[in-house]
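1. here you go, sequence then predicted model.
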Amino acid sequence: MSPRAAKAAVAVALVFACVAASPRAQHVDLSPAFAEVGSDITATVWQGPQQPLAGVVVVVLPPQGDAVEVGPTDAAGRARFRPVVPGIHEFRVSPDGRDEVWITPYQVRPHRLRWLYALVCLPLGLALLWANVRLIRRRAETT
């Protein structure tokens, strides 16, 4: 093994040892994976792999504007937020009132204009239905 590969192996082993030895795998999960303006975002704060943190204040920093305090998490470690502007929102959590702050960015997309699809698809669907009904009638008349 070359000296460079040995150093890389030691670095990987050191990082793995630090991560594996960490008793607190603290993180914030945001769901759903993608959100639009007006839909609910759920932030779940975890102390460990199976231990949610209750009573932790979640603060959201929208792209433009002041920070919005979502409120404390419930017993399951969840807090809900409904964005009103698109862009990257920062979810900030300070567990146990310490100076440590966990920051999780989240992309919020603009609300899609689904009615535009309906205006295009509805006439096309009706035209297809009419064409199929005419085809069925012609086949019925010829047999």
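-> Cool, got the structure. Residues are numbered from 1 along each chain as shown.
2. check the most centrally placed residue in the chain and give its pLDDT.
-> The centre of the chain sits closest to residue 33, judged by Cα atoms, centre = their mean, with a distance of 3.0 Å. Here the pLDDT value assigned to residue 33 is 83.
3. same check on the one 4 residues further on?
-> Reported pLDDT at residue 37 in the predicted model: 90.
4. residue 133 versus that one, what's the distance?
-> In this structure, residue 37 and residue 133 are 40 Å apart, going by Cβ to Cβ, to the nearest Å. Placement of C-beta: from N, CA and C, glycine included.
5. more neighbours: the two, which one.
-> Neighbour comparison, residue 37 and residue 133: the larger count goes to residue 37, with 15 against 10 (by other Cβ atoms under 10 Å).
6. contact partners for the more buried one?
-> 83-86, 108-111 (Cβ atoms under 8 Å, 6 or more residues apart in numbering).
7. so how far is residue 59 from it?
-> Applying Cβ to Cβ to residue 37 and residue 59 gives a distance of 19 Å.
8. what of residue 41?
-> Taking Cβ to Cβ, one finds residue 41 at 13 Å from residue 59.
9. where along this protein do the strands fall?
-> Here the chain has its strands, by DSSP state E, at 27-31, 35-36, 41-46, 57-61, 68-72, 78-81, 87-93, 102-109.
10. in JSON lines, list those along with distance to residue 124 and mean neighbour count.
-> Converted to JSON lines, these look like this (distance: least, Cβ to Cβ, whole Å; neighbours: other Cβ atoms under 10 Å):
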{"stretch": "strand 27-31", "distance to residue 124": "35", "mean neighbour count": "16"}
{"stretch": "strand 35-36", "distance to residue 124": "25", "mean neighbour count": "17"}
{"stretch": "strand 41-46", "distance to residue 124": "34", "mean neighbour count": "19"}
{"stretch": "strand 57-61", "distance to residue 124": "41", "mean neighbour count": "19"}
{"stretch": "strand 68-72", "distance to residue 124": "42", "mean neighbour count": "14"}
{"stretch": "strand 78-81", "distance to residue 124": "38", "mean neighbour count": "18"}
{"stretch": "strand 87-93", "distance to residue 124": "34", "mean neighbour count": "18"}
{"stretch": "strand 102-109", "distance to residue 124": "26", "mean neighbour count": "15"}
